[in-house]
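J.: fold the following.
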Amino acid sequence: MVYADDLALLVSGKDVSEIEETLNLEHESISELLTHNKLSLQLGKTESILFAPKRRLQKFNSLNVVCNGNVIESKPSVTCL
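T.: Purely as a prediction, here's the structure:
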């Protein structure tokens with residue numbers, strides 16, 4: 001179940017740097033859209049997760065995603081309420 005104020009942003013790419021770049025751009029776009037509509041993004045509740053085969057995940061500790069100067073925490077698992 002997803003609530004009206006929840007958002008999941010899914011991005012795929014050939015490598016992690018491509019995914020990070022796309023996520024950074026999309027977060028900025030979403031932030032601008034929300035600001036324009038007098039809404040806010042709760043960056044303290046925002047998390048990122050990387051899905052990949054296990055041996056590819058061993059090469060990367062986390063995603064480097066930033067929105068409005070705030071680092072989005074990368075986790076090995078997330079909870080969807």
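J.: name the helices or strands packed onto the helix or strand harbouring Leu34?
T.: Assigned by DSSP states H and E, Leu34 belongs to helix 16-36. In terms of contacts (3 or more C-beta pairs under 8 Å, 6 or more residues apart in numbering; DSSP states H and E), helix 16-36 is packed against strand 65-67. C-betas here are computed from N, CA, C, even on glycine.
J.: pull up the pairing partners for the strand it packs on, direction included.
T.: Strand 65-67 sits in its sheet next to strand 70-74 (antiparallel), going by DSSP bridges.
J.: the partner strand to helix 16-36, inter-axis angle?
T.: For strand 70-74 against helix 16-36, the angle by axes from the mean of the first three to the mean of the last three C-alpha atoms, to 10 degrees is 130 degrees.
J.: mean confidence for strand 70-74?
T.: Strand 70-74 carries an average pLDDT of 86.
J.: run the chain-centre distance for it.
T.: Here the centre of strand 70-74 is set off from its chain's centre by 8 Å, with C-alpha atoms, centre = their mean, to the nearest Å.
J.: what's that strand in contact with?
T.: For strand 70-74, the external contacting residues (C-beta atoms under 8 Å, 6 or more residues apart in numbering) are 23, 27, 43, 46-50, 61-66.
J.: what's the lowest-pLDDT member of those?
T.: Checked by pLDDT, the contacts of strand 70-74 have Asn61 as the lowest-scoring entry (67).
J.: can you dump the C-alpha atoms of the helix holding Leu34 in CSV for me?
T.: This file holds the C-alpha atoms of helix 16-36, laid out as CSV (Å, rounded to 0.1, in the frame of the first residue of the first chain):
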residue,chain,number,x,y,z
VAL,A,16,26.3,3.2,-10.4
SER,A,17,27.6,6.7,-11.5
GLU,A,18,24.9,6.9,-14.2
ILE,A,19,22.2,5.9,-11.6
GLU,A,20,23.6,8.5,-9.1
GLU,A,21,23.6,11.3,-11.7
THR,A,22,20.0,10.5,-12.8
LEU,A,23,18.8,10.3,-9.2
ASN,A,24,20.5,13.6,-8.3
LEU,A,25,18.8,15.3,-11.3
GLU,A,26,15.4,13.8,-10.6
HIS,A,27,15.5,14.7,-6.9
GLU,A,28,16.2,18.3,-7.9
SER,A,29,13.3,18.3,-10.4
ILE,A,30,10.9,16.9,-7.9
SER,A,31,12.1,19.4,-5.3
GLU,A,32,11.5,22.3,-7.7
LEU,A,33,8.0,20.9,-8.6
LEU,A,34,7.1,20.6,-4.9
THR,A,35,8.4,24.1,-4.1
HIS,A,36,6.5,25.6,-7.0
